[in-house]
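Colleague: kindly generate the corresponding structure for this input.
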Amino acid sequence: MIRTRAAVLAVAAAATFALVPGSASAQKWYEKAVKKVEGRFTPAEAKPGQTVTFTLTIELNEGYHTYPLFQSDKKAEGMVNVIKFPAPDKLIFVGKPEDSKDVVTKEEPDLEIRELRYCPGTAVYTRKVVVSPKAAAGATTVKLSSFSLNVCDKNNCFPPKTVPVEAAFKVLEGPAVPVEKAFAEEVEKALGTK
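Modeller: Numbers count the residues shown, from 1 in each chain. Predicted coordinates for the structure are as follows:
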């Protein structure tokens, strides 16, 4: 991904700040800023072929904000969180991820950004998931391939941090149910049947 000027400036500023004597506390930003990062499935169990929802929730302490998955202003495109979903297995991620509903906007004239979207406090991202029609019954743990979290306070943006995220799921017994029409083609492609 090509980094925008804003993202480069943010990383450079954070790196410079980390070199200032007495700023060891700046290197512990994650512990100060983040209350929790949690992945979960709703419902947490389903039959093969059924659709469930994966939710990734980030809760921050007062005074910190994070970013959505997508920015509408091209000049802000580097100020996002990046989720890489796992390859199809027992669960197949389908459709596009949905951004947090708790997005606020502001202008950043110094960076020539007309609309910077950000999430103060809490950000919740979701994506639909189909239980593979070929999945065997039983419990499983699904790990995101990666999740890169960007956090800022009112004065600083900290270097992005890769945060491990996993969620438990149980494939129920029983014959597979038909896959929702909206996701049937994606599932067939993932299974190599199309």
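Colleague: so what's Phe85 up against?
Modeller: Counting by Cβ atoms under 8 Å, 6 or more residues apart in numbering, Phe85 touches 93, 97, 127, 144-145. Just so you know, the C-beta spots here come from the backbone N, C-alpha and C atoms, and that holds for glycine as well.
Colleague: if we go to 6 Å?
Modeller: By Cβ atoms under 6 Å, 6 or more residues apart in numbering, Phe85 lies in contact with Phe93.
Colleague: swap in the one 3 residues further on?
Modeller: Listed by Cβ under 6 Å, 6+ apart, the contact set of Pro88 reads Ala190.
Colleague: with His65 instead?
Modeller: Neighbours of His65 in contact, by Cβ under 6 Å, 6+ apart: 118, 120, 152.
Colleague: pick the one among those residues closest to Glu31.
Modeller: Using Cβ to Cβ, Cys152 comes nearest to Glu31 of these, at 15.8 Å.
Colleague: from Val130, how far out is the closest one?
Modeller: To Val130, Cys152 is 35 Å away according to Cβ to Cβ, to the nearest Å.
Colleague: buried ones in stretch 148-168, by neighbour count?
Modeller: 149-153, 157-160, 163, 165, 167 (16 or more other Cβ atoms under 10 Å).
Colleague: with the residues you listed in mind, which one is nearest to Ala33?
Modeller: Closest to Ala33, out of all of these and judged by Cβ to Cβ, is Val151, at 4.9 Å.
Colleague: and the most centrally placed residue in the chain, what's its pLDDT?
Modeller: For the chain, the residue sitting closest to the mean C-alpha position, by Cα atoms, centre = their mean, is Ile83 at 4.3 Å. In the predicted model, Ile83 carries a pLDDT score of 98.
Colleague: not counting its neighbours along the chain, what's nearest it?
Modeller: Distances taken as Cβ to Cβ, 6 or more residues apart in numbering place Phe147 nearest to Ile83, at 5.3 Å, with adjacent residues excluded.
Colleague: what's the neighbour count on the one you found?
Modeller: Applying other Cβ atoms under 10 Å, we find 21 residues neighbouring Phe147.
Colleague: could you check the pLDDT of it?
Modeller: pLDDT, read off for Phe147, is 98.
Colleague: need the contact list for it.
Modeller: By Cβ under 6 Å, 6+ apart, the residues touching Phe147 are 83, 163, 165.
Colleague: any chance of those residues in JSON lines, plus distance to Glu112 and secondary structure?
Modeller: Output for the contacts of Phe147, formatted as JSON lines (distance: Cβ to Cβ, whole Å; DSSP: H, G, I helix; E, B strand; the rest coil):
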{"residue": "Ile83", "distance to Glu112": "27", "secondary structure": "strand"}
{"residue": "Val163", "distance to Glu112": "30", "secondary structure": "coil"}
{"residue": "Val165", "distance to Glu112": "33", "secondary structure": "coil"}
